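**Student:** Need a 3D model of the following:
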Amino acid sequence: MLELIYGILKGRYVYKDGEERLYITDSQYVKMSYTSSGQQETVWLFNIMLHLMVNHTKAYIILEEPEAHLYPQSQKSMVKLLALFFNQSCGVMLTMHSPYILGALNNLIYAAHLSGNKDFEEGVAEKVDPLYWVKEPKAWFLADGEMKSCQDYKRRLWGAVRLYC
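**Tutor:** Here you go, the predicted structure:
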């Protein structure tokens, strides 16, 4: 989890001497107030998720556009981080607009689906770490004031405006 967080933040978050810092190296840092909006908007989430996971606390989080202000590679890492959290028996509800988030999530869902087939399980595990597999997701979209499923069970795809795992 820390590797994913460091990769998204491009540094290590530290609270020291009364200020929040993002350490780029062991001795060089930037005050959090001077970091990018993506870094500032995600650091609080990472702190909460890390605290909950370290303490084995079950929780349910609702996130609106966690991909906001993040580059595509960081969005992919965010999905892995959320999958880790979900796989610790925690609930996650996302609203999103990013095709990167949706694509990365679909890959983790599909990997979990293929893992159920003994012929594919080993090959899938080589490509996608089982820590990130997302099993039994639910996905909906809102239309005319109603929630409707947007899961394609035949092709195992989840095209969602709102996603609940």
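**Student:** Helix, strand, or coil at the residue lying closest to S74 once chain neighbours are set aside?
**Tutor:** Among residues not flanking S74 along the chain, I8 sits closest, at 4.6 Å (Cβ to Cβ, 6 or more residues apart in numbering). (C-beta placed from N, C-alpha, C; glycine too.) Put simply, I8 is helix when judged by DSSP: H, G, I helix; E, B strand; the rest coil.
**Student:** what residues are up against I8?
**Tutor:** T42, F46, L70, S74, S77, M78, L81 (Cβ atoms under 8 Å, 6 or more residues apart in numbering).
**Student:** Adding neighbour count, write those residues out as a markdown table.
**Tutor:** Listed next are those as a markdown table, based on neighbours: other Cβ atoms under 10 Å:
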| residue | neighbour count |
| --- | --- |
| T42 | 24 |
| F46 | 20 |
| L70 | 23 |
| S74 | 20 |
| S77 | 20 |
| M78 | 27 |
| L81 | 24 |
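**Student:** Residues contacting stretch 64-75, please?
**Tutor:** Contacts of stretch 64-75 (Cβ under 8 Å, 6+ apart): 7-8, 36-38, 41-42, 45, 78, 82, 94-98, 100-101, 104.
**Student:** All the helices of this structure, residue numbers only.
**Tutor:** Using DSSP state H, the helices of the chain run over residues 2-9, 37-54, 72-86, 99-115, 118-127.
**Student:** Any regions of this structure where pLDDT drops low?
**Tutor:** 152-165 (pLDDT under 70).
**Student:** rerun that using 80 as the cut-off
**Tutor:** 138-142, 150-165 (pLDDT under 80).
**Student:** Counting neighbours, what do you get for L9?
**Tutor:** Close neighbours of L9, defined as other Cβ atoms under 10 Å, add up to 23.
**Student:** for F120, same thing?
**Tutor:** Neighbour count for F120, taken as other Cβ under 10 Å: 13.
**Student:** got it, and the one 3 residues further on?
**Tutor:** In terms of burial, G123 registers 12 neighbours under the definition other Cβ under 10 Å.
**Student:** again, but for G7
**Tutor:** Using other Cβ under 10 Å, G7 has 16 other residues around it.
**Student:** Quick one: residues contacting it.
**Tutor:** Listed by Cβ under 8 Å, 6+ apart, the contact set of G7 reads S74, S77.
**Student:** Kindly report the same for the one 4 residues further on.
**Tutor:** Applying Cβ under 8 Å, 6+ apart to G11 gives the contacts L22, Y23, I24, Y29, V30.
**Student:** let's see it at 7 Å
**Tutor:** For G11, the contact set (Cβ atoms under 7 Å, 6 or more residues apart in numbering) comprises L22, Y23, I24.
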